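Peer 1: here is my input, please return the structure:
(one chain, ligands or ions: 1)
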Amino acid sequence: MASRIRLSGLPRTDRQPLRAEPAPGPTSGEVPTMTINPPTATAKPLPLLGHGLQLVRDPLGFFEGMVSQGPVVRFKVGTRPGFALNDADLAREVLITDRTSYDKGGPFIEAVRMVTGNGLGASNAADHDRQRPLLQPAFQHSRLPTYVGVMQACAAEAVDRWTDGGSIDVYADAYRLFSDITTRTLVSTSTGVEATRVMGETMPVLLDGAFRRAMVPVEWFHRLPLPANRTYQQAHSDLTAAMDEIVTQYRAEDYDHGDVLSMIMASRDQDTDQGLTDSEVQDQIRTVLLGSIETETSLLAWVLHHVVRHPEVEQRMWDELNTVLKGSAAPDFEQLMQLTYTKQIVTEAHRLSPPVWMFTRLALRDTELGGVAIPRGSDIYICPYTLHRDPTRFPDPERFDPDRWAPGNVSSAQRQGFLGFGAGRTKCLGDVFGPTAVTVALAAIGTRWRLREDPAFTTRTVTKVTLSPGHQHMTTHLRRPAAPATESERDEVPAGL
Ligand code: HEM
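Peer 2: Numbering: from 1, shown residues only. So this is what the prediction gives:
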């Protein structure tokens, strides 16, 4: 990757603009007198579409191409001005420090909104401040041991279905696993199971359609009576019907199912004693289903993709599983928490292949970022995929190296450079739940199975709203049988067969 021009190596107060040229006139707001003209994307914009088509055709390449141009690079999607941030400090400024200038918005958030409505992932600051405290309690750390029990049971069932020498579609199996986990922890009734099934069926269509609509924001084009547009509308109606049914059922029963949805429906605003309306609850279910299943599936698929290509990493993981879990099919919560290296693997895969590879914000007013004038209404693009490859924070960034995350190895610059869960008040609600589910799954797989890439299939990177290795196929080879090992059997288990 090309080297970067960076401002972030300097303390914030010492930063100087790259070139002190006057910016094209901001109209209002608190803009400093000295701003610079940001470089623009080298790719040529098309009339009406701007860089939208390049973004749809090769999203990663488009953002990678802008990295060497500077910390803030200007481009266009449709007729809307966009700014790519190539500096994690600037991204944090947008997400954390300067809340008055930026809010949820821009193509990524609009794509999310098309699927989830005004759920937490897409709501503006005012709605968000009211909604977040209503959802937060369901994801407290204290609830984790309960969820981990369910995750383990689901993971054990998933790997039980594999056969020695068989071949699996990793993405499909992972999707089924995380749907199971989500259903049993978040929406545990039979209607919830059905809603999750409908979500699973409609999601690829919805995400695909939402991504295209966000990147090519030309209304009439998406209303043409084309098969793709009709399928998208149908998927939308099916999902709405499923969400309707689930909320109606929970309201009618007025019963605590012990799941996240029951908690969300029962929670009340401390000041007003108001809960969420039915339509708000529906939006939150979509948000949680979208936020969890798709991302966890992609992350596990990436983890396995990297692990099987790095035998030394795989061996160390097996060693840790052997030592800490001692062959147990049902390790307890404390044991799982001790899987330090296994968790590092998950974090490193998340760094190199972030499922949420890009997200956006909207500039609410004329403002300034890194010395660049940002006009009101601009879209700000934060791209963890490129930010996680910043060599000043992650030396030799393309190398898959879980030891970067070993206790004692993590510098503050590195920690600040990781944006795989976003940051600030809008940081991912499942930032513990998600990676824990993936670690539990990886432990269940690694304890019993050795996976190898199936040479009959090629892996390809699929970049939509989420980033995944697509339907990669792997062969499954038994490392050890399912039954919990006895004391003598444990001694016989060769580390990392
Ligand atoms: C490893 C899996 C996951 C990844 C990579 C991931 C990634 C992210 C990212 C990058 C954001 C920030 C987006 C932005 O700022 O616009 C986010 C937000 C969010 N995520 Fe996750 N997520 C994961 C798992 C989950 C799970 C398990 C849940 C729910 C159970 C969840 C629910 C949410 C919600 C509700 C938000 C919006 C938070 C807010 O705006 O307050 N995510 N996620």
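Peer 1: in this structure, which residue sits closest to the ligand?
Peer 2: Checking the chain residue by residue against the ligand with C-beta to the nearest ligand atom singles out residue 430 as nearest, at 2.1 Å. Quick note: C-beta positions are derived from backbone N, CA and C, even for glycine.
Peer 1: I'd say that residue and residue 293 touch.
Peer 2: No: the pair residue 430 and residue 293 does not pass the contact test of C-beta atoms under 8 Å, sitting 10.5 Å apart.
Peer 1: of the two, who's got more company?
Peer 2: Each of residue 430 and residue 293 has its neighbours counted (other C-beta atoms under 10 Å); residue 293 has more, 26 against 18.
Peer 1: assign a three-state SS to the more buried one, would you?
Peer 2: helix (DSSP: H, G, I helix; E, B strand; the rest coil).
Peer 1: and the spatially most central residue of the chain, how far from residue 382?
Peer 2: Central residue of the chain (C-alpha atoms, centre = their mean): residue 356, 3.5 Å from the mean position. Counting by C-beta to C-beta, to the nearest Å, the gap from residue 356 to residue 382 is 10 Å.
Peer 1: same deal with residue 480?
Peer 2: Note on residue 480: its distance to residue 382, by C-beta to C-beta, is 43 Å.
Peer 1: between the two, which has more neighbouring residues?
Peer 2: Per other C-beta under 10 Å, whichever of residue 480 and residue 382 has more neighbours is residue 382, with 25 against 19.
Peer 1: nearest residue to that one in space, please, no chain neighbours.
Peer 2: residue 91 (4.5 Å; C-beta to C-beta, 6 or more residues apart in numbering).
Peer 1: am I right that that neighbour sits in a helix?
Peer 2: Yes: the assignment for residue 91, made by three-state DSSP, places it in a helix.
Peer 1: pLDDT score assigned to it?
Peer 2: Reported pLDDT at residue 91 in the predicted model: 98.
Peer 1: thought it was touching residue 387?
Peer 2: Yes: the criterion here is C-beta under 8 Å, and residue 91 meets it with residue 387 at 6.5 Å.
Peer 1: which residues do the two both contact?
Peer 2: When contacts are counted by C-beta atoms under 8 Å, 6 or more residues apart in numbering, residue 91 and residue 387 are jointly contacted by 85, 419.
Peer 1: residue contacts, the residue nearest to residue 382?
Peer 2: Residue 91 makes contacts with 85, 382, 387, 419, 423, as judged by C-beta under 8 Å, 6+ apart.
Peer 1: give me that answer again for 7 Å
Peer 2: With contacts defined as C-beta atoms under 7 Å, 6 or more residues apart in numbering, the neighbours of residue 91 are 85, 382, 387, 419.
Peer 1: count residues in the vicinity of the spatially closest residue to residue 428 that is not a sequence neighbour, would you?
Peer 2: Sequence neighbours aside, residue 421 is the residue nearest to residue 428 in space, at 3.8 Å (criterion: C-beta to C-beta, 6+ apart). Residues lying near residue 421 (other C-beta under 10 Å) number 19.
Peer 1: residue 421 contacts residue 430, correct?
Peer 2: No: between residue 421 and residue 430 there is no contact under C-beta atoms under 7 Å: 8.3 Å.
Peer 1: does residue 95 count as helix, strand or coil?
Peer 2: helix.
Peer 1: for residue 398, see how far away it is.
Peer 2: For residue 95 relative to residue 398 (C-beta to C-beta), the value is 25 Å.
Peer 1: more neighbours: these two, which one.
Peer 2: More neighbours surround residue 95 than the other of residue 95 and residue 398, with 21 against 10 (other C-beta under 10 Å).
Peer 1: ok, the more buried one - contacts?
Peer 2: So residue 95 contacts 422, 423, 424, 426 (C-beta under 7 Å, 6+ apart).
Peer 1: and the ligand, which of those residues reach it?
Peer 2: When contact is defined as C-beta under 6 Å from any ligand atom, the contacts of residue 95 meet the ligand at 422, 426.
Peer 1: check which helix or strand covers residue 452.
Peer 2: For residue 452, the element it lies in under DSSP states H and E is strand 449-453.
Peer 1: and that strand, which strands flank it?
Peer 2: With DSSP bridges as the criterion, the sheet partners recorded for strand 449-453 are strand 473-478 (antiparallel).
Peer 1: flag every buried residue along the partner strand.
Peer 2: Applying a neighbour-count criterion of 16 or more other C-beta atoms under 10 Å, one finds 473, 474, 475, 476 buried in strand 473-478.
Peer 1: surely the second one meets residue 456?
Peer 2: No: Residue 474 lies out of contact with residue 456 (C-beta under 7 Å); the separation is 10.8 Å.
Peer 1: related to what we said a few turns ago, quick check: neighbours shared by residue 356 and residue 382?
Peer 2: By C-beta under 7 Å, 6+ apart, residue 356 and residue 382 have no common neighbours.
Peer 1: for residue 10, give me the pLDDT.
Peer 2: Looking at residue 10, its pLDDT stands at 29.
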